[in-house]
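J.: need a 3D model of the sequence below.
(one chain, ligands or ions: 2)
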Amino acid sequence: MITSRLGYAVLLCLVELLVVGLMLLGIIAGAFALLALMGYVVMRRGLAPLRRMAAQAEEIHPATLTTRLSEQDAPAELHQVIRSFNQMLDRLADGYQRLSRFSADLAHEIRTPVNALMGHCQVTLYQRRSVEEYESVLARNTEELERISLMVENILFLARASQAQSVIKPVTLSLDAELQRVADYFEGLAEERDITLCASGAGQVCADPMLLRRALSNLVDNAIRYAHAGGEIHLRGRRQAQGWQIEVINQGEPVAARHLDKLFDRFYRADDARTSSGNASGLGLSIVKAIMTLHQGDASVHCTANGEICFSLFFPDRPAAG
Ligand SMILES: Nc1ncnc2c1ncn2[C@@H]1O[C@H](COP(=O)(O)OP(=O)(O)OP(=O)(O)O)[C@@H](O)[C@H]1O
Ligand SMILES: [Mg+2]
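T.: Ligands and ions are numbered 1, 2, ... in the order given. A predicted model of the protein is given here:
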């Protein structure tokens, strides 16, 4: 009798223990579920500004590149991210705008000579002509095609230059030899306009030889084309604090200050009346600028007090490749 009562009490205890254990387990599970739910709610609320940012960013397309992410309602920790993102958008919008302007200018520059070529051919084919007339039309068209081909070559150069950091091979060059070399090359052309080329400057510049000559040639070609006939063009090299400066100076029609900063833009011509008749495409100075950027240097222009125009190239000191 006593044994059965004891067994019953033990059984009761065990059942109670089980019930308490189950209740504890239930409470713990419930607490976990509650914590997880609270965590989820807090995270959702915390991430809301990021989701708003993502939604705003999704709205940005090439046509809406002026849209910027708003700092309003965003937590202070995100302000720096938003500012950096907006600055990146500024740079992209600027590049995109320049690219659009470049392709519009390019289309315009190519359309004009192509239309002229078509016009010449249509007029020529309108009736039978003598061999001399056909020859003259072909010669004129060849000249125009040469100009288009040069323009395409220059455009390709500019496109490659923007991603050609590895292509440049700077070596130490004798400055006076380089200036004299370009002066000698252009002597004949200068003589046709009764212009004298004077080169001066001793020292050693660190630059890619082909690119240095191309930049200098573009400047001297311009100087001969736009200088007053019978004048002088000076090519000067001199030492600056952290590199070498080359200047090409000529007398000519004054260039208005509002044009000066734009001369290095692609297809920019200060005076169409002076340039449209020849082979000018307005790319020479942008090539000079691109070459100087490849050298981590700079190209600039200013008018001197005595009415000369002075183009300067700055080559910073850098270790030569060989
Ligand atoms: N030495 C200079 N004196 C006066 N104006 C100049 C001089 N050099 C350049 N310019 C002006 O800057 C403009 C741009 O020159 P740039 O060399 O880029 O093009 P371009 O000479 O017109 O054509 P391209 O060089 O492609 O044949 C010229 O059209 C001219 O108006
Ligand atoms: Mg030029």
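
J.: ok, and does the strand or helix carrying residue 312 reach over to ligand 2?
T.: Per DSSP states H and E, residue 312 falls inside strand 308-316. No. When contact is scored as C-beta under 5 Å from the ion, no part of strand 308-316 falls within range of ligand 2; the minimum is 10.6 Å. No exception for glycine: its C-beta is placed from N, CA and C like everyone else's.

J.: equivalent analysis for stretch 297-304, please.
T.: No. Judged by C-beta under 5 Å from the ion, stretch 297-304 stays clear of ligand 2, getting no closer than 12.4 Å.

J.: run through the strands of this structure in chain order.
T.: Under the criterion DSSP state E, the chain contains strands at 171-174, 196-200, 204-207, 232-240, 243-251, 298-303, 308-316.

J.: could the ones you listed be laid out in TSV, adding mean pLDDT?
T.: As requested, those are exported to TSV (pLDDT from 0 to 100):
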stretch	mean pLDDT
strand 171-174	94
strand 196-200	95
strand 204-207	92
strand 232-240	94
strand 243-251	95
strand 298-303	94
strand 308-316	95
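
J.: in JSON lines: those strands, plus mean neighbour count.
T.: Shown next, in JSON lines, are those (neighbours: other C-beta atoms under 10 Å):
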{"stretch": "strand 171-174", "mean neighbour count": "15"}
{"stretch": "strand 196-200", "mean neighbour count": "17"}
{"stretch": "strand 204-207", "mean neighbour count": "22"}
{"stretch": "strand 232-240", "mean neighbour count": "18"}
{"stretch": "strand 243-251", "mean neighbour count": "21"}
{"stretch": "strand 298-303", "mean neighbour count": "17"}
{"stretch": "strand 308-316", "mean neighbour count": "20"}
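
J.: what would those look like in a markdown table with distance to residue 148?
T.: Converted to a markdown table, those look like this (distance: least, C-beta to C-beta, whole Å):
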| stretch | distance to residue 148 |
| --- | --- |
| strand 171-174 | 33 |
| strand 196-200 | 30 |
| strand 204-207 | 30 |
| strand 232-240 | 29 |
| strand 243-251 | 27 |
| strand 298-303 | 26 |
| strand 308-316 | 26 |
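
J.: would you mind giving the domain segments of this protein?
T.: With domains defined by automatic domain parsing, the chain comprises 2-62, 100-161, 171-316.

J.: out of these, flag the one nearest residue 81.
T.: domain 2-62 (8.0 Å; C-beta to C-beta).

J.: in the stretch 51-200 of the chain, what residue comes closest to ligand 2?
T.: The minimum distance from the stretch 51-200 of the chain to ligand 2, using C-beta to the ion, falls at residue 154 (9.9 Å).

J.: check contacts around that residue.
T.: Applying C-beta atoms under 8 Å, 6 or more residues apart in numbering to residue 154 gives the contacts 281, 283-284, 287.

J.: so which of those reach ligand 1?
T.: Restricting the contacts of residue 154 to those touching ligand 1 (C-beta under 6 Å from any ligand atom) yields 281, 283-284.

J.: between these, which sits nearest ligand 2?
T.: The closest of those to ligand 2 turns out to be residue 284 (C-beta to the ion; 2.8 Å).

J.: quick one, what contacts the residue positioned nearest the centre of the chain?
T.: Nearest residue to the geometric centre of the chain (C-alpha atoms, centre = their mean): residue 162, 6.2 Å. Going by C-beta under 8 Å, 6+ apart, residue 162 touches residue 290.

J.: give me the buried stretch members for stretch 146-161, please.
T.: 147-148, 151, 154-155, 157-158, 161 (16 or more other C-beta atoms under 10 Å).

J.: average pLDDT for it, rounded please.
T.: Taken as a whole, stretch 146-161 has a mean pLDDT of 86.

J.: with stretch 82-96 instead?
T.: Here the average pLDDT along stretch 82-96 is 92.

J.: need the contact partners of that stretch.
T.: Against stretch 82-96 from outside (C-beta under 8 Å, 6+ apart): 53, 57, 60, 62, 65-71, 74.

J.: can you list these in TSV and add neighbour count?
T.: Converted to TSV, those look like this (neighbours: other C-beta under 10 Å):
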residue	neighbour count
53	17
57	12
60	17
62	9
65	16
66	10
67	15
68	16
69	20
70	12
71	15
74	17
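
J.: between those residues, which sits nearest residue 227?
T.: Closest to residue 227, out of all of these and judged by C-beta to C-beta, is residue 65, at 42.2 Å.

J.: show the backbone phi and psi for the closest one.
T.: phi -70, psi -10 (degrees, to the nearest 10).

J.: highest average neighbour count across the domains of the chain?
T.: Sort the domains of the chain by mean neighbour count, taking mean count of other C-beta atoms under 10 Å, and domain 171-316 sits at the top with a mean of 17.

J.: ends of that domain, how far apart?
T.: Taking C-alpha to C-alpha, to the nearest Å, domain 171-316 runs 13 Å from one end to the other.

J.: chain center to it, what's the gap?
T.: 22 Å (C-alpha atoms, centre = their mean, to the nearest Å).

J.: can you check stretch 138-150 too?
T.: Using C-alpha atoms, centre = their mean, the offset of stretch 138-150 from its chain centre is 29 Å.
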